[in-house]
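> sequence and predicted structure, then a few things I'm wondering about:
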There are 2 protein chains.
Amino acid sequence: MENFLEKAKASSAIIATLDGKTKSRVLRAMADALEQEMDRILAANALDMKAAEENDLGGALKDRLYLDEKRVRAMAESLRQIAALREPVGRVLEGWRNEADLRIEKVSVPIGVIGVIYESRPNVTADVGALCFKSGNVAILKGGKEAEHSNQAIAEVLQNVLEAEGLPREIISLLPDSSREGVATLIKQDRYVDLIVPRGGEALIRYVAENATVPVVKHDKGLCHTYIHTEADPDMAAAIAINAKCDRPGVCNAMETLLVDREIAPEILPRLYDLFKEAGTQLRADERALEFIEAALACEEDWDTEYLANILAVKVVNGIEEAIAHIRRHGSGHSEAIVTEDYSAAERFLDEVDAACVYVNASTRFTDGGAFGFGAEVGISTNKLHARGPMGIDELTTYKYKIYGKGQIR
Amino acid sequence: MENFLEKAKASSAIIATLDGKTKSRVLRAMADALEQEMDRILAANALDMKAAEENDLGGALKDRLYLDEKRVRAMAESLRQIAALREPVGRVLEGWRNEADLRIEKVSVPIGVIGVIYESRPNVTADVGALCFKSGNVAILKGGKEAEHSNQAIAEVLQNVLEAEGLPREIISLLPDSSREGVATLIKQDRYVDLIVPRGGEALIRYVAENATVPVVKHDKGLCHTYIHTEADPDMAAAIAINAKCDRPGVCNAMETLLVDREIAPEILPRLYDLFKEAGTQLRADERALEFIEAALACEEDWDTEYLANILAVKVVNGIEEAIAHIRRHGSGHSEAIVTEDYSAAERFLDEVDAACVYVNASTRFTDGGAFGFGAEVGISTNKLHARGPMGIDELTTYKYKIYGKGQIR
């Protein structure tokens, strides 16, 4: 492990200063190689699928794991898109002269060595490897055990391209010890690793956050609210609420709790009830909401539950103050929305709600690197520091100051 | 402790949305109060000085601890300067429309609750409290035991102003349990605390980094190099080297190791020898440097030692490649300088040296919030993430996305 990490660290000096043109060429070569090695990748995936069958993995999990020709081509296409992104290294973020007439530039640079821990989907191996490469970082990847063969095959294809280009294979590699102990060791290697990105279940993220000495950018839960203010346009409110819950209930930017102002509840709730019924949404409502709709009675726990399913908690509130207080107490700082035509209410909500993304009159479903226009998504950070909310490739860089003098001393 | 942290967290919602004008007024009132409560602060400091005497603390430590009227007035003046800084909250860092015609703004916001652990100097209590206040954060301060009474008096003066202004005292407070266990508890409270800034000895910082579950911005050691390239202007090289070492040898941006190109060594080293001798600098040189100067023979350990004293390690290198390799191996990523008139050497050094601040033809002593023009300094971060290098008040903010829609759904 020590030897592997030393090589990874040493490689980071090479990839960090590689020019943009070369990086794009290598990424396109990787895309081509994935398509050329189609048979090998599908054969490896078949082994994982067989094991999944034997271990009785659920249908959703098997679908995430499964690769066919179309999916491998999509993986290659994604690499070509990453190749085409604007060069993320060397952007001058700020620049000024100080009083001593030093010319100071704040310039984006790679972070160094990034460890990414993830599950199931084998395309993450190619995607994250490519995003790290494009941003000048070394990637140490730890995929799920269930995708072991697929990940191994994909990583080898990428590594063969690196080697053919005269670059160290360690620039993109799988963690050699993929056991629990391997992860435990990795997250404490702050001498070698600069950032850990855990993507997966709450238990994994909690474990990493509690035990890592390396900085961690978490991709945690999203307990998102939509708050329908008294002055909401009812049509808009209904459309946004349905979209936020039902478009894809299993993702982190889906709504989990709907807050409705007391005054607008008699008008909006019966209407939403019909729409949610049609969408097959299971409702859990507080007592005041039950005056207007049929639903199970919500218990305290519902306000803190990320269902990740077509289930919605509904609560009637006495105005914006109570709505904001509820979100402060139960929200996860991911995405929160208000629907209103009232200027002051919108401003207050935007200012007082402490979340990565705060919306007026739009669905929380837009919290996404692609929807934000980032071109590629690394994930959605629930950290407050380094990166918050949708992470594009720029969030895989940090900065340094370049200072140009002419002999200045203090 | 739990109760205290809950109050701190609750207070963060209040300070986070306080307008700039009010914050400046409160800070100026705090400055006035420090001057008005001069006697009380000096009396408290006298108790700390007496204890320092009894515990035989060193002269340097006692000087750092000591307060007189002039120092308290300087403390007040510093608060007035912080009050006058540009409002750090609410800056629009970026803004664009996405494809769905959402108007997206990336806006600076307070981090939340910040724990700062520091030693000796009681003025840090006022300074850090004020910087956190101005940037809309709650400050939990843990000063050194030796400054206990002074810190208590200063914090109370600030808290009385908060209370008089109708604000919670918890916005600036001392950690109630200032024992080792108190710190151990604080750094694991990620439910309540958003950032820990340890300023102090290596052991403290290591302990915090290894045990915290709260994100940490470290203020670590500075093992800074100055590299005199073959094409250096000898006058400039000599002036920069002397300044980088001798101006203030005890600070983190002082040079610890001088690297000299083989070709320029016969010219520059004898000259530097005379200058360093004059400045009382103790030299430790490698064998090749010893051909030109008299000094102790450097051992392997010298290249990794932050002397924080008027001692300098000197090494002759075979060109820029070896210089960069030496810095990569022994540098701490703080500040590194090259002296050269050669364009390509300067560019290569700037690109390949991985440090917060990389200089061409200037002294590393400029790595400092004040010298950078930040108006106030929070510290100098040796983190790669969130903040790197000199930290101004802007580095006490994070961001959120405000998203303005007109009913968009996905």
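Nice, thanks for sending it over. Computed from a predicted model, the values in this text were never measured in an experiment. Residues are numbered from 1 along each chain as shown, chains lettered A, B, ... in the order given.
> tell me, how many residues neighbour the residue in the stretch 151-300 of chain A that chain B sits nearest to?
Closest contact between the stretch 151-300 of chain A and chain B, by Cβ to the nearest Cβ, is at residue A:243 (3.5 Å). For glycine as for every other residue, the C-beta is placed from the backbone atoms N, C-alpha and C. When neighbours are defined as other Cβ atoms under 10 Å in any protein chain shown, residue A:243 has 22 of them.
> burial of the nearest residue to it once chain neighbours are set aside, as a residue count?
In space, and not counting its chain neighbours, residue A:243 is closest to residue B:409: 3.5 Å by Cβ to Cβ, 6 or more residues apart in numbering or on different chains. For residue B:409, the count of nearby residues is 17 (other Cβ under 10 Å).
> model confidence for residue B:409, exactly?
Among the per-residue scores, residue B:409 shows a pLDDT of 98.
> gap between the closest residue to residue A:140 other than its chain neighbours and chain B?
Of all residues not flanking residue A:140 in the chain, residue A:115 sits nearest, at 4.5 Å (Cβ to Cβ, 6+ apart). Distance of residue A:115 to chain B, computed by Cβ to the nearest Cβ, to the nearest Å: 14 Å.
> for residue A:115, helix, strand, or coil?
strand (DSSP: H, G, I helix; E, B strand; the rest coil).
> thought it was touching residue A:190?
No. With contact defined as Cβ atoms under 8 Å, residue A:115 does not count as touching residue A:190 (11.0 Å).
> more neighbours: which of those two?
residue A:115 (27 against 14).
> got the contact list for the more buried one?
A:140, A:141, A:142, A:175, A:186, A:187, A:193, A:195, A:196, A:197, A:214 (Cβ atoms under 8 Å, 6 or more residues apart in numbering or on different chains).
> dump the residues you listed into JSON lines; add pLDDT, secondary structure and neighbour count as well.
Formatted as JSON lines, the contacts of residue A:115 follow (pLDDT from 0 to 100; DSSP: H, G, I helix; E, B strand; the rest coil; neighbours: other Cβ atoms under 10 Å in any protein chain shown):
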{"residue": "A:140", "pLDDT": "97", "secondary structure": "strand", "neighbour count": "26"}
{"residue": "A:141", "pLDDT": "96", "secondary structure": "strand", "neighbour count": "24"}
{"residue": "A:142", "pLDDT": "95", "secondary structure": "strand", "neighbour count": "23"}
{"residue": "A:175", "pLDDT": "95", "secondary structure": "coil", "neighbour count": "21"}
{"residue": "A:186", "pLDDT": "96", "secondary structure": "helix", "neighbour count": "23"}
{"residue": "A:187", "pLDDT": "95", "secondary structure": "coil", "neighbour count": "23"}
{"residue": "A:193", "pLDDT": "96", "secondary structure": "coil", "neighbour count": "25"}
{"residue": "A:195", "pLDDT": "96", "secondary structure": "strand", "neighbour count": "23"}
{"residue": "A:196", "pLDDT": "95", "secondary structure": "strand", "neighbour count": "27"}
{"residue": "A:197", "pLDDT": "93", "secondary structure": "strand", "neighbour count": "25"}
{"residue": "A:214", "pLDDT": "92", "secondary structure": "coil", "neighbour count": "22"}
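> could the residues you listed be laid out in TSV, adding distance to residue B:366?
Output for the contacts of residue A:115, formatted as TSV (distance: Cβ to Cβ, whole Å):
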residue	distance to residue B:366
A:140	35
A:141	40
A:142	41
A:175	40
A:186	37
A:187	36
A:193	30
A:195	28
A:196	33
A:197	34
A:214	30
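> of all those residues, which comes closest to residue A:206?
residue A:187 (12.3 Å; Cβ to Cβ).
> nearest spatial neighbour of the closest one, skipping sequence neighbours?
Spatial nearest neighbour of residue A:187, chain neighbours left out: residue A:212 (3.8 Å); criterion: Cβ to Cβ, 6+ apart.
> measure residue A:163 to residue B:389 for me?
According to Cβ to Cβ, to the nearest Å, residue A:163 and residue B:389 sit 36 Å apart.
> over to residue A:142?
31 Å.
> kindly report the same for residue A:207.
Look at residue A:207 and residue B:389: by Cβ to Cβ, they are 32 Å apart.
> so which of these two has more stuff around it?
residue B:389 (26 against 18).
> looking at the more buried one now. What's its pLDDT?
Note on residue B:389: pLDDT of 96.
> nearest spatial neighbour of it, skipping sequence neighbours?
Once flanking residues are discounted, residue B:389 sits nearest to residue B:356: 3.4 Å by Cβ to Cβ, 6+ apart.
> helix or strand: which one has residue A:208?
In the assignment (DSSP states H and E), residue A:208 maps to helix A:202-211.
> show me what that helix is packed against.
Packing contacts for helix A:202-211, counted by 3 or more Cβ pairs under 8 Å, 6 or more residues apart in numbering or on different chains; DSSP states H and E, involve strand A:195-198.
> how distant is the helix or strand where residue A:130 lies from the center of its chain?
Element membership of residue A:130, judged by DSSP H and E, is helix A:123-134. Its chain's C-alpha centre and that of helix A:123-134 lie 13 Å apart, by Cα atoms, centre = their mean, to the nearest Å.
> ok, residues contacting that helix?
Contacts of helix A:123-134 (Cβ under 8 Å, 6+ apart): A:15, A:23-24, A:26-27, A:30, A:34, A:67, A:71, A:74-76, A:78-79, A:82-83, A:85, A:88, A:114, A:116, A:118, A:138-139, A:141, A:143, A:147, A:150-151, A:154-155, A:158, A:171-172, A:174, A:199, A:376, A:378, A:393, A:396.
> could you rerun that using 6 Å?
By Cβ atoms under 6 Å, 6 or more residues apart in numbering or on different chains, the residues outside helix A:123-134 that reach it are A:23, A:27, A:75, A:78-79, A:82, A:114, A:116, A:118, A:139, A:141, A:143, A:151, A:154-155, A:158, A:172, A:376, A:378, A:393.
> taking the residues you listed one by one, which sit in strands?
A:114, A:116, A:139, A:141, A:172 (DSSP state E).
> got the buried residues for stretch A:33-42?
The neighbour-count check on stretch A:33-42 (16 or more other Cβ atoms under 10 Å in any protein chain shown) flags A:33, A:34, A:37, A:38, A:41, A:42 as buried.
> kindly indicate which of those residues lies nearest residue A:320.
Looking across the buried residues of stretch A:33-42 and measuring by Cβ to Cβ, the closest to residue A:320 is residue A:34, at 50.8 Å.
> distance of that closest one from chain B?
With Cβ to the nearest Cβ as the criterion, residue A:34 and chain B are 28 Å apart.
> quick one: that residue and residue A:74 touch, right?
No. With contact defined as Cβ atoms under 6 Å, residue A:34 does not count as touching residue A:74 (10.1 Å).
> so which bits of the stretch 301-410 of chain A are right by chain B?
A:350-352, A:356-363, A:365, A:372-373, A:384-386, A:388-389, A:398, A:400-410 (Cβ under 6 Å from any Cβ of the partner chain).
> ditto for the stretch 101-250 of chain A
So the stretch 101-250 of chain A meets chain B at A:102, A:194, A:209, A:210, A:213, A:215, A:236, A:239, A:240, A:243, A:247 (Cβ under 6 Å from any Cβ).
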